[in-house]
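1. Sequence and computational prediction follow.
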Amino acid sequence: MDTSSITGLIFGLLGGLALFIFGMRTMSEGLSAAVGDGMRTLLGKATRNRMAGLGLGTVIGGLIQSSASVVLFIAFINAGLMTLTQSIAPILGANIGTTLAVQLISFKLSDYCLPAIFIGLVLHLVARKQKLKYGGQAILGFGLLFLGMVFMGDSIKPHRELFEPWLAHLNGSTPTGLIIGTLAAALITGVIQSSGAVIGMGFAMISAGAITDFQGIFPIIIGANVGTCVTGLLGSIGTTVDARRAAIAHLLFNLISTTLAIATSPLFYHYIPLTSDDLIRQAANAGTIKMVLSAMLMLPLAPVIVKMTIGLTPTKRKQPESSFLDHGQLIQPERAIFACLRELQRTSRICAASLHLAAEEFIQHDPRRAKRIKVNEQSVNAIKTAMRKYLTDLTKHYLSKRQSILIGHIDRCMSDLERIGDHIANLADIAKRQRAVSTARFSPDAVENWLEIHKAVEQLLAKVIQSLDPELDNFQDIAKEIIDLRKQYSETAIKVRSAHFQRLENKEITPAAGLFFNDYLSNFWRISKHIKSIALAEQQPQFWLKREKLGRKMSLEAPGYALPDPIKPGDYLDRLQSDEYL
């Protein structure tokens, strides 16, 4: 075999694999974006029932693959929007959903890959509606996925005899081959972090004639399920203990499922060929049947899985608070508002924890600490989305004038906390960028000033946590304290900035270091600005709770409002073009 043939095989195989992975991710991202945040909300509701959680997990797994789904669940747990126990059923469902996506791939649709690429690209570029645009992205990814399979199959076909000796060692016809094949598939999947890609490569080998029997593809199918758990384990780094336990639960399920599949392999070898005459379809059917049976077997044992993961990851640390946004309290608007305030306080605690970590990261870099800050910022973003949906659902019930105005203030406070989380994450990013510039080192005085301004902001945030306690009745009084503290912070910031300019003038630090210091001060200032915004909202006369309403049920629906007539765009466009606005 000459060099050009080997080069063509390698490039064709790797290029096809790259196209397949890129196509799968493009399709998953398009489908996920088309569905939007509604799926997240449904997931939160479905976790109250195991079967509902299993069903919705299956849908999510089919759309964005099991590994990405588990990362999503981990983010929910880390944000306190889902418990470890609630996550088990969706995790099992996500594994089923992945096999349904493989079922789609198993249909021989490669003849339609180029039209799909063209139609998907046109829709993605031309469509004005976001859902149609993202739908086009999904179709584009679908076409690229099959085009990648075509490239892999065409590259392997002329050289399939080269693969036969290797595949003979991975064949499931013997116990040794079954175990080695499973381990090899798991290892490759763990490296490229895509079970679909490994299974797609197996399908390409079937199309090329390199794999000719079900025993040859079976180890690849079951091994890929284990390897895909690596994505969830990596995604759990820097998260809470329960979030990491969810990733371990995903791994446990797949290890148990794969072990059962190996133990019952003779049954698969006997019955799966009866499901279809096509080997690729047999492989897809085997994956689905394996996952469905395993999930149905393990679903009643969800509490056992939770205990196993807790036993594998013991800790003495106190677990973070869970979300207070209970949809069952929506029929009691005052109680629901009480829960929203507690959720704001919980979110402010997450921000305070990240602010403290940012100071440590400024002094010394730690990858795990940096990851935790980023994960906390993502958690705050998720809480904001959940809060907005919760408040929107609350508006469907009868609200008093005070309640209607108060939920607007709560929404504003949540947005401020989300922005505070962003700016705290920026502090860690600035520290990372500063370390990459050798001339941007701070002098000891600059470090002391940084810590001084950080301490002032930390005190402000601590006071915000206190002010958002719904058990208190003096929101306005504590808000005034925050306003006064912010004035003191402003004086400190002016003093620090003046000292900073003096250092630059005396050439105690470099201009590069000066730029980074300005960036730090800018983000600290923005954090204090959003804290002041929260305090101003708390000072409003409607920002209080009516204690006697906390136990009262108000199941009435929101009254029918007389909506204004739709505006006539021409009237306003004409005014915008008139001298009045020029």
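-> On my side now, so go ahead. Residues are numbered from 1 along each chain as shown.

2. all helices for the stretch 151-300 of the chain, in order.
-> 160-169, 175-192, 195-208, 214-227, 229-235, 241-263, 265-271, 279-298 (DSSP state H, counting those that start in this stretch).

3. Let me have those helices in a markdown table, extended by mean neighbour count.
-> The way it works is simple: take the backbone N, C-alpha and C, and place the C-beta from them, glycine included. Below are those laid out as a markdown table (neighbours: other CB atoms under 10 Å):
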| stretch | mean neighbour count |
| --- | --- |
| helix 160-169 | 13 |
| helix 175-192 | 19 |
| helix 195-208 | 25 |
| helix 214-227 | 27 |
| helix 229-235 | 22 |
| helix 241-263 | 22 |
| helix 265-271 | 14 |
| helix 279-298 | 21 |
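
4. would you list those helices in TSV and tack on mean pLDDT?
-> Below are the helices of the stretch 151-300 of the chain laid out as TSV (pLDDT from 0 to 100):
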stretch	mean pLDDT
helix 160-169	70
helix 175-192	89
helix 195-208	83
helix 214-227	91
helix 229-235	86
helix 241-263	92
helix 265-271	93
helix 279-298	92
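
5. Put together a markdown table for the ones you listed, with distance to L92 on each row.
-> A markdown table is the format used below for the helices of the stretch 151-300 of the chain (distance: least, CB to CB, whole Å):
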| stretch | distance to L92 |
| --- | --- |
| helix 160-169 | 31 |
| helix 175-192 | 19 |
| helix 195-208 | 15 |
| helix 214-227 | 12 |
| helix 229-235 | 13 |
| helix 241-263 | 6 |
| helix 265-271 | 20 |
| helix 279-298 | 4 |
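
6. most centrally placed residue in the chain?
-> Note on the chain: the residue nearest the mean C-alpha position is L72, at 4.0 Å, using CA atoms, centre = their mean.

7. helix/strand/coil for that one?
-> helix (DSSP: H, G, I helix; E, B strand; the rest coil).

8. So for it, what's the pLDDT?
-> Note for L72: predicted pLDDT of 80.

9. Just confirm it contacts I60, I think it does.
-> Yes. Counting by CB atoms under 8 Å, I60 is a contact partner of L72 at 7.1 Å.

10. so what sits against both of the two?
-> Residues touching both L72 and I60 (CB atoms under 8 Å, 6 or more residues apart in numbering): none.

11. quick one, phi/psi of L399?
-> phi -130, psi 140 (degrees, to the nearest 10).

12. What is the neighbour count of the closest residue to it other than its chain neighbours?
-> Nearest non-adjacent residue to L399, counting by CB to CB, 6 or more residues apart in numbering: P333, 5.6 Å away. Neighbourhood size, P333 [other CB atoms under 10 Å]: 26.

13. I'd like the distance between P333 and Q86.
-> 25 Å (CB to CB, to the nearest Å).

14. likewise G200?
-> Relative to Q86, and taking CB to CB, G200 is found at 32 Å.

15. Over to I180?
-> Relative to Q86, and taking CB to CB, I180 is found at 37 Å.

16. Next: P266.
-> Applying CB to CB, the value for P266 to Q86 is 37 Å.

17. Check I156 too.
-> Distance from I156 to Q86, by CB to CB: 44 Å.

18. With K307 instead?
-> 15 Å.

19. Not counting sequence-adjacent ones, nearest residue to C113?
-> Closest residue in space to C113, ignoring its immediate chain neighbours: F146 at 3.8 Å, by CB to CB, 6+ apart.

20. Enumerate the positions of the helix or strand containing the one you found that are buried.
-> Assigned by DSSP states H and E, F146 belongs to helix 130-156. Neighbour-count burial for helix 130-156, counted by 16 or more other CB atoms under 10 Å, picks out 133-156.

21. Repeat that for stretch 389-397.
-> For stretch 389-397, a neighbour-count test (16+ other CB under 10 Å) marks K389, Y390, L391, L394, H397 as buried.

22. on that earlier part again, tell me how far the helix holding F146 lies from the chain's centre.
-> 23 Å (CA atoms, centre = their mean, to the nearest Å).

23. what is the mean pLDDT for that helix?
-> Mean predicted confidence for helix 130-156 is 83.

24. From the contact counts, what lies against it?
-> Secondary-structure packing of helix 130-156 (3 or more CB pairs under 8 Å, 6 or more residues apart in numbering; DSSP states H and E): helix 3-35, helix 84-106, helix 113-126, helix 195-208.

25. and the angle from that helix to helix 3-35?
-> Using axes from the mean of the first three to the mean of the last three CA atoms, to 10 degrees, one finds that helix 130-156 and helix 3-35 are set 160 degrees apart in direction.

26. re earlier: how much space separates the residue nearest to L399 from G97?
-> 37 Å.

27. cool, I350 as well?
-> 30 Å.

28. higher neighbour count, the two?
-> Using other CB under 10 Å as the criterion, I350 and G97 rank with G97 on top: 26 against 23.

29. can you tell me the helix or strand for the nearest residue to the more buried one once chain neighbours are set aside?
-> In this structure, G97 finds its nearest non-sequential neighbour in G61, 2.3 Å apart by CB to CB, 6+ apart. G61 is located in helix 50-64, with elements delineated by DSSP H and E.

30. Buried ones in that helix, by neighbour count?
-> 50, 52-64.

31. what packs against it?
-> helix 3-35, helix 38-46, helix 66-78, helix 84-106.

32. Determine which of those helices approaches K495 most closely.
-> The minimum distance between K495 and the helices and strands packed on helix 50-64 falls on helix 66-78, with 37.9 Å, by CB to CB.

33. Next, the angle helix 279-298 makes with the closest one.
-> Going by the same axes, to 10 degrees, helix 66-78 makes 30 degrees with helix 279-298.

34. Could you pull out the buried residues of helix 66-78?
-> Applying 16+ other CB under 10 Å to helix 66-78 flags 66-78 as buried.

35. what does stretch 441-457 give?
-> F442, A446, N449, W450, I453, H454, A456, V457.

36. got it, and stretch 536-549?
-> L536, A537, E538, Q539, Q540, F543, L545, K549.

37. same deal with stretch 6-14?
-> For stretch 6-14, a neighbour-count test (16+ other CB under 10 Å) marks L9, G12, L13 as buried.

38. Export these as CSV, with columns for pLDDT.
-> Listed next are these as CSV, based on pLDDT from 0 to 100:
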residue, pLDDT
L9, 73
G12, 79
L13, 77
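
39. Kindly indicate which of those lies nearest S490.
-> When those are compared against S490 (criterion: CB to CB), the nearest one is L13, at 62.3 Å.

40. one step back: show me what contacts the residue nearest to C113?
-> Contacts of F146 (CB under 8 Å, 6+ apart): G23, I105, L109, S110, Y112, C113, A116.

41. quick one on the thing from earlier: which residue in the buried residues of helix 50-64 has the weakest pLDDT?
-> Per-residue pLDDT puts I64 lowest of those, at 71.

42. if I pick that one, what's in contact with it?
-> Here I64 is in contact with S28, E29, L31, S32, L72 (CB under 8 Å, 6+ apart).

43. from the chain's centre, how far out does stretch 87-101 sit?
-> Stretch 87-101 has its C-alpha centroid displaced from the chain centroid by 16 Å (CA atoms, centre = their mean).

44. So which bits of it are buried?
-> For stretch 87-101, by 16+ other CB under 10 Å, it's 87-101.

45. Mind picking the one among those residues that's closest to A558?
-> P90 (31.3 Å).

46. Would you confirm that the closest one contacts G57?
-> Yes. The pair P90 / G57 is scored as a contact, 3.3 Å apart, by CB under 8 Å.

47. before we move on, back to that, hey, what's the angle from the helix holding G61 to helix 84-106? Just curious.
-> 40 degrees.

48. so who does A68 touch?
-> For A68, the contacting residues are S28, T231, by CB under 8 Å, 6+ apart.

49. who has more neighbours, K307 and Q86?
-> Q86 (23 against 11).
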